[in-house]
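Student: What shape does this take:
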Amino acid sequence: MSELPKTFDPKAIEERWYAHWESGGLFRPERGDAKPWTIVMPPPNVTGSLHIGHALDITLQDVLTRRERMLGKDALWVVGTDHAGIATQMVVERTIAGQGLKRQELGREKFLDIVWDWKNQSGGTITRQLRRLGASCDWAHERFTMDERYQRAVAYVFVEMHKRGLIYRDKRLVNWDPRFQTAISDLEVETRDVQGKFWTLSYPLADNSGAIQVATTRPETMLADMAVAVHPEDERYRALIGKQLKHPITGRLIPIIADEHADPELGSGAVKITPGHDFNDYEVGKRAGFKPADMLNMFDAEANVVQTQDGLIPQDLLGLSRDDARKAIIPMLESEGALVRVEDRVIPTPFGDRSGAVIEPWLTDQWYADVAKLALPAIQAVTKGDIRIVPESWAKTWFNWLENIQPWCVSRQLWWGHRIPAWYAEDGRVFVAESEEEARKQAGDQPLRQDEDVLDTWFSSALWPFVTLGWPEETEELKRHYPNDVLISGFDILFFWDARMAMQGIEFMGEVPWKTLYLHGLVRDAQGQKMSKSKGNTVDPLGLIDKYGADAMRFTLAAMESQGRDIKLDEKRVEGYRNFATKLWNAARVLQMNGVGASDSIAAPAAELPVNRWIIGEVLETLAKLDRAFDELRYDEMADSIYHFVWGTFCDWYVELIKGAFDEETKAVAAWAFDQILVMLHPLMPFITEELWSAFPRPYELIVANWPEPRAQVDRRAKAEIESLVCVIAEARTMRAELNIPWSATLTPHIIGNASLVDRLGSDAATLARMAKLAAPMLAETAPPNSAQVVVNGTTIAFPLGDAIDLDAEKSRLDKAAAAAEKERDGLAQRLANPNFTERAKPEAVEKARSDHEAKSAEAERLRAALERLG
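Tutor: Numbers count the residues shown, from 1 in each chain. Sure, this is the predicted structure:
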């Protein structure tokens, strides 16, 4: 047995144990005949670095995986990275720009060679960081969404969906990112409030009989107007429907149309319709009979003004950016007398979540997936219970999104990614095939060019649960491990990834991809604010690991993960759980010093002493709580049950109760109980538990030890006896502290009217003297004068104080202190009841006032209770 160092140092053990586990194949031991259990890691971006959201996600997955492994299952945790189309291309373009190069100058092939070189040299940062966290995944079979095998599977899916009528090409309005020059999805658009203006314009009737006023936040787009819409029931305009308006700048004629999109109560009740640059207008335009191919477009891919139809745009405006075009158009409107008024407004404005560029609704040809057809089976899977969503409250969101789902634009105008397997002939025909060779067989002897676009990154990652297992080949891994058992995901990718995996899994595998979907919240700062670099409140998980150790951070995240709530991360909690690890370490040292070794028993040893029978029962009750928490995916309850047992029951009480009495029975029971602690705590705190396991030598590592099984019964009599003893000691210690009773004073407990309690405590007289400085208990009918009193399980115990303290002075001190605490409590309560404070003050100030109020309330209650002890 190797003696443990006096001080627990996480740095000294974490790297060593992780390397040992990985090199020994212990994350996926050979268990071909065991029951399979599977979870897939949401593949982090290959460009990524570990952030606190990753740390939460990975911790929750690892906790489950380690326990399933200890249950003897063939636990597979699929790991890999995502090629992250936009993010990776952005990083590499920035890198080559520093060398004075542009991808367009290099050409596609050379640029992609540079991307692969970057990936091989710099793309492993996130996976190295996952190891520091303790992620026990199947690194021996690490996957990447651009592996050759994965690329073949993605191409197969695209072709197959095209054959099934689920993928088609169409001209539609998309969210266009002018910085990256690609379409992005609605989910990748971030709407921000921007201070802007509201321009009211006058459009004259073509017959010069009057004019109609319209308002807009984007006057530059008026050059692509195709109509002005009014409500069909609006009496002001009913007679004008079907007439023509004259464009204020170009004189082009545009019709007045009827559509319910126009709100008679809003502004003038008339709305300019620009189908090529507004999503609402696009729908109005389609209802009015405008075909997408005929809708006017006035911007190029960089959102600069361009001539797409003769005479549409004045020459002076060509080539201008949107902002410059706006500045140029306003004077034109003024000179024509068409600018009625300008108002300041806050405008909700769409931005690309990665580029930060203002998104332009833009008409372009793209590939679409008809996901409405795929959504119905995914809805039914949750309705029928084939997929269980935890917490259940997220099911409503799942249904709402899938029931209202829109066609998914799956093409992106990038070079890095899965190139769309479609080839075009010179006559415009399209041939969709898995390879150019197959496309040529379809096309015959004619030149072909492949589509320049790639697929949305989420298209390939939607196949992750089954392609990573070898699909479309019928591999043994696929047969054993699909469907997966559980998926753990942040709610923020419920639509990006989770729902799309469900749709594709059901479509191509005929089964749901996982049986349970667990959605966790966001990690916020201690005040509940969303973390952001601009606020300066981000938390670096690697910094926390360096300071407190991976175990402390993991335990913090698990303990604070409560279903349906975001986490308010306070570094003090991490520090507290580092102290918890130290407490466990010190308990192990006490056991070592008293000759306790590794347990040689899976079942609880035979025990006669009540204290040993009691701790065996406490282990069993903790195991039952822990198993229930795992079954219900209650991470907070997992952490809470093991924390209170280890810190309070085992370290504070059992180890103290048996000090100086380490006979052979106690050594055996203490060894067994400590082993159970290490096993139960291992999924949450793998490093310290493995180190302590090895300090009590045995032939196998903790990571592959068996999860405990309840092979004994709780001894209720021993439980009652030890709990009474613990309660008396705790109450006596509290009483001494509150009443300033010196430790030198030995107190005699007078137990009022409960002879059986006197007998039980009498057998523990030595323990009472050692742990609470109490004499042997006495039976009494009433409390002696000048006694302090406590109540234990309904029985009053009086402690005559004699001259141990000045009773009157102590009462006066407690009364003054209680009054002061009550005054502060009431002042804070008044403050919190004032809406002027709670609604106008900073959130952190309100939160502090609530916290102070709770603290002062507890202090006042404690002081009044102390006064009551003195009668």
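Student: which residue packs closest to Leu320, ignoring adjacent ones?
Tutor: Closest residue to Leu320 apart from its sequence neighbours, by Cβ to Cβ, 6 or more residues apart in numbering: Val305 at 4.9 Å. Backbone N, C-alpha and C define where each C-beta goes, glycine included.
Student: Quick check on that neighbour: phi, psi?
Tutor: With angles defined as degrees, to the nearest 10, Val305 sits at phi -70, psi 130.
Student: Next up, the contacts around it.
Tutor: By Cβ atoms under 8 Å, 6 or more residues apart in numbering, the contact list for Val305 reads Glu220, Leu223, Met298, Phe299, Ile313, Leu317, Leu318, Gly319, Leu320, Ser321, Arg322, Ala325.
Student: out of those residues, which are inside helices?
Tutor: Arg322, Ala325 (DSSP state H).
Student: and the contacts of Val305, which are buried?
Tutor: Among the contacts of Val305, those classed as buried by 16 or more other Cβ atoms under 10 Å are Glu220, Leu223, Met298, Phe299, Ile313, Leu317, Leu320, Arg322, Ala325.
Student: how about those in CSV, adding pLDDT and distance to Trp647?
Tutor: Below are these laid out as CSV (pLDDT from 0 to 100; distance: Cβ to Cβ, whole Å):
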residue, pLDDT, distance to Trp647
Glu220, 94, 65
Leu223, 93, 71
Met298, 93, 68
Phe299, 94, 63
Ile313, 91, 73
Leu317, 93, 72
Leu320, 95, 68
Arg322, 95, 61
Ala325, 95, 67
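Student: Looking at those, which one is closest to Thr349?
Tutor: Nearest to Thr349 among the buried ones among the contacts of Val305: Arg322, at 11.6 Å, using Cβ to Cβ.
Student: Mark out where each domain of the protein begins and ends.
Tutor: 182-360, 411-455, 582-714, 740-869 (automatic domain parsing).
Student: Those domains: which one's closest to Gly48?
Tutor: domain 182-360 (12.6 Å).
Student: before we move on, the earlier item: for the buried ones among the contacts of Val305, work out which two are farthest apart.
Tutor: Ile313 and Arg322 (13.0 Å).
Student: Look up how far Asp525 lies from Asn537.
Tutor: Per Cβ to Cβ, to the nearest Å, Asn537 is found 4 Å from Asp525.
Student: Please work out how many residues are found near the residue lying closest to Val371 once chain neighbours are set aside.
Tutor: Using Cβ to Cβ, 6+ apart and skipping residues adjacent in sequence, the residue nearest Val371 is Trp408, 4.8 Å away. When counting by other Cβ atoms under 10 Å, one arrives at 22 neighbours for Trp408.
Student: hang on, isn't Trp408 packed against Ser185?
Tutor: Yes. When contacts are counted by Cβ atoms under 8 Å, Trp408 is listed as touching Ser185 (7.2 Å).
Student: between the two, what contacts are shared?
Tutor: What both Trp408 and Ser185 touch, as defined by Cβ under 8 Å, 6+ apart, is the set Asp456.
Student: export stretch 553-571 as CSV, just CAs?
Tutor: Output of stretch 553-571 as CSV, limited to C-alpha atoms (Å, rounded to 0.1, in the frame of the first residue of the first chain):
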residue,chain,number,x,y,z
MET,A,553,-15.2,21.6,-12.1
ARG,A,554,-17.1,18.4,-13.3
PHE,A,555,-18.8,18.0,-9.9
THR,A,556,-19.8,21.7,-10.0
LEU,A,557,-21.4,21.5,-13.4
ALA,A,558,-23.3,18.2,-12.5
ALA,A,559,-24.4,19.5,-9.1
MET,A,560,-25.9,22.7,-10.7
GLU,A,561,-27.5,20.9,-13.7
SER,A,562,-31.2,21.0,-12.7
GLN,A,563,-33.6,20.0,-15.4
GLY,A,564,-35.2,22.9,-17.2
ARG,A,565,-32.9,25.6,-15.6
ASP,A,566,-29.8,27.4,-16.7
ILE,A,567,-26.7,27.2,-14.6
LYS,A,568,-25.5,30.3,-12.7
LEU,A,569,-21.8,29.4,-12.4
ASP,A,570,-20.0,30.9,-9.4
GLU,A,571,-16.3,30.1,-9.0
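Student: Tell me which stretches of the stretch 101-250 of the chain form strands.
Tutor: Assigned by DSSP state E, counting those that start in this stretch, the strands in the stretch 101-250 of the chain fall at 143-144, 167-177, 182-184, 189-204, 211-216, 227-230, 244-246.
Student: would you turn these into a markdown table with mean neighbour count?
Tutor: Output for these, formatted as a markdown table (neighbours: other Cβ atoms under 10 Å):
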| stretch | mean neighbour count |
| --- | --- |
| strand 143-144 | 18 |
| strand 167-177 | 19 |
| strand 182-184 | 24 |
| strand 189-204 | 15 |
| strand 211-216 | 20 |
| strand 227-230 | 24 |
| strand 244-246 | 18 |
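Student: thought Ile615 was touching Phe650?
Tutor: Yes. Under the criterion of Cβ under 8 Å, Ile615 makes contact with Phe650 at 7.2 Å.
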